[in-house]
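Undergrad: Give me a 3D structure for the following:
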Amino acid sequence: MSGRPGIAGNPVLIGAATILVVLVAVFLAYNANRGLPFVPTYEVKAQVPSAAQLVVGNDVRIGGSRVGFVSDITAERQDDGSSIALLDLTLERDVAPLPRDSTLIIRPRSALGLKYVEITRGTDSQGYDDGATIPISAATPEPVEFDEVLNMFDEETRDAAAANTTGFGDAFAGRGESINTAIGAFKPLLRDVVPVAQNLASPETNLRRFFGELGDAAAIVAPAAESQAELFVNLDTTFRALREVARPYIQDSISGGVPALDTAIRTLPIQRPFLRNAEGLFRELRPGAAALRVSAPTIADALVAGRRVLPRTPPFNRRLASLLDELQTFAEDPMVPRGLNAATAGLNSLDPTLAFAAPAQTVCNYATLFFRNISSLLSVGDRNGTWQRFIIVATPQGPNNEGGPSSAPANGPTVDNHLHTNPYPNTAAPGQPRECEAGNEPYLRGQTVLGNVRGTQPASTEGNP
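TA: I've put the predicted structure just below:
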């Protein structure tokens, strides 16, 4: 008994099944870059400055491993008018969630222009939710395209590189011995570099802050960039002018500078006492130099007169020869020192008297005023004659008045009948107050005053402050 035929004996069913399998394989192959259907995914959006040569379906990788693909690329306009690219990223569910401090960059996959998106996971505890947008601030650093690198080598750059290569080759040619000497000198250099590098790497050196401060300094001087540029232009003009005298004048001065500095280092310490004394001398000469402004005309007249007198000094000096011989004989006489000693003792005995009497003139100017007033007494007056001869001074009336003999100083009873006398007024002498009492003491009306008046009077008189 024959049974019903199976599916293996039906060519139509076998062909239909084969076509279905092929269609499913083609569908899966076509969508292989977009993931398998019905598999859960983690989708986020990402803003990037540019999506040049990035196409839908390109890989998204983390640490070199493919974790998804770019599902869509659209342009997005910013508030300032610029445009950026918005990427739709379809990622594996195991990646979720991406930390918020993660960064991404579009990198070339090959020299043919293929691109992929590389994500560097961060460490933030908060992550992007499904469907969130990664801001453009996370798209760092800005990628450099391969064609941009190649565009640097334009025709001028290639010609300059060729010229540099030729120049370096010519420079090294025939200088093998010098190069070997330089390499031999590198050994102590490298030995000394080690402690320098250790100091630079030490946290106490704070090298990181140094470069930060350099950046701040550069930001501070940035507004003066144009002025600095003009400075270098002016320096170029100056050095172009100096080029004319660079050889041999400037070269000779530089060559002689080292010996000059060595000599200065050796001799300047020896000159310090002289310079110190010279500084003190000039400081003490300042009052005399200030006085020269007033006395310079007189000194000039004296020099003019001296020019006429100096030719006559040789005959005068010859005539002085005999006098000087006599002076030498006098100086060698054994009796002269005894006379000088006696004169010195006499002068020393006069020293206290002179010290007491000198302030009467040096401070109070009494001698000058005395002789001036003496001449006035005999020359100043009116039609009746000079004051010294004709002025009548009437004495006050009362007991013991100054008009006759008295048994005691005049002491009233009237206001005018009081004696005022000071035989030894203070003259700023040693042991006395610094005052010029004669002529400055007040007249105490109605009081008898004998000796110095109470209080300190001014230490000045007419013509002598």
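Undergrad: ok, residue 72 touching residue 89?
TA: No - using Cβ atoms under 8 Å, residue 72 is not in contact with residue 89; the gap is 9.1 Å. Where C-beta positions appear, they are placed from N, C-alpha and C, glycine not excepted.
Undergrad: First-to-last residue distance for stretch 75-92?
TA: Taking Cα to Cα, to the nearest Å, the first and last residues of stretch 75-92 lie 25 Å apart.
Undergrad: Can you tell me what sits against that stretch?
TA: Contact partners of stretch 75-92, identified using Cβ atoms under 8 Å, 6 or more residues apart in numbering, comprise 34-35, 41-51, 54, 60, 67-74, 117, 133, 136.
Undergrad: which residues does residue 238 contact?
TA: By Cβ under 8 Å, 6+ apart, no residues touch residue 238.
Undergrad: Flag the shaky bits of this structure, pLDDT-wise.
TA: 1-10, 12-14, 24-39, 111-113, 142-148, 174-176, 378, 381, 384-393, 463-465 (pLDDT under 70).
Undergrad: For it, just list every one of the helices.
TA: Listed in chain order, the helices of the chain (DSSP state H) span 11-30, 146-151, 155-172, 176-201, 207-221, 225-242, 251-309, 313-332, 335-362, 366-377, 387-390.
Undergrad: Can you check what angle separates the fourth one from helix 155-172?
TA: Meaning helix 176-201. Helix 176-201 and helix 155-172 are oriented at 110 degrees to each other (axes from the mean of the first three to the mean of the last three Cα atoms, to 10 degrees).
Undergrad: Helix 176-201: how far from the chain's middle?
TA: Put simply, helix 176-201 sits 36 Å off its chain's centre (Cα atoms, centre = their mean, to the nearest Å).
Undergrad: Just want the angle from that helix to helix 207-221.
TA: Helix 176-201 and helix 207-221 are oriented at 100 degrees to each other (the same axes, to 10 degrees).
Undergrad: does residue 413 really touch residue 398, like I thought?
TA: Yes - at 6.6 Å, residue 413 counts as touching residue 398 under the criterion of Cβ under 8 Å.
Undergrad: Compare the two (neighbour count), which wins?
TA: Each of residue 413 and residue 398 has its neighbours counted (other Cβ atoms under 10 Å); residue 398 has more, 17 against 8.
Undergrad: What separation do you get for the more buried one and residue 202?
TA: Using Cβ to Cβ, to the nearest Å, we find residue 398 at a distance of 104 Å from residue 202.
Undergrad: For stretch 59-67, list every residue counted as buried.
TA: In terms of neighbour count (16 or more other Cβ atoms under 10 Å), stretch 59-67 has its buried residues at 59, 60, 61, 62, 67.
Undergrad: Show me what counts as buried in stretch 95-112.
TA: Residues 95, 96, 98, 102, 104, 105, 106 are the ones in stretch 95-112 that count as buried (16+ other Cβ under 10 Å).
Undergrad: Name the single longest strand found in this structure.
TA: Longest strand of the chain, by residue count under DSSP state E: strand 65-77.
Undergrad: quick one on the thing from earlier: farthest pair in the buried residues of stretch 59-67?
TA: Spatial extent of the buried residues of stretch 59-67 (Cβ to Cβ) is set by the pair 59 and 62 at 10.4 Å.
Undergrad: Can you tell me which of the buried residues of stretch 95-112 lies closest to residue 417?
TA: residue 102 (119.4 Å).
Undergrad: these two touch, right, the closest one and residue 138?
TA: Yes - when contacts are counted by Cβ under 8 Å, residue 102 is listed as touching residue 138 (6.5 Å).
Undergrad: Please parse the chain into its domains.
TA: The record's domain parsing of the chain by automatic domain parsing lists 25-150, 335-399+409-465.
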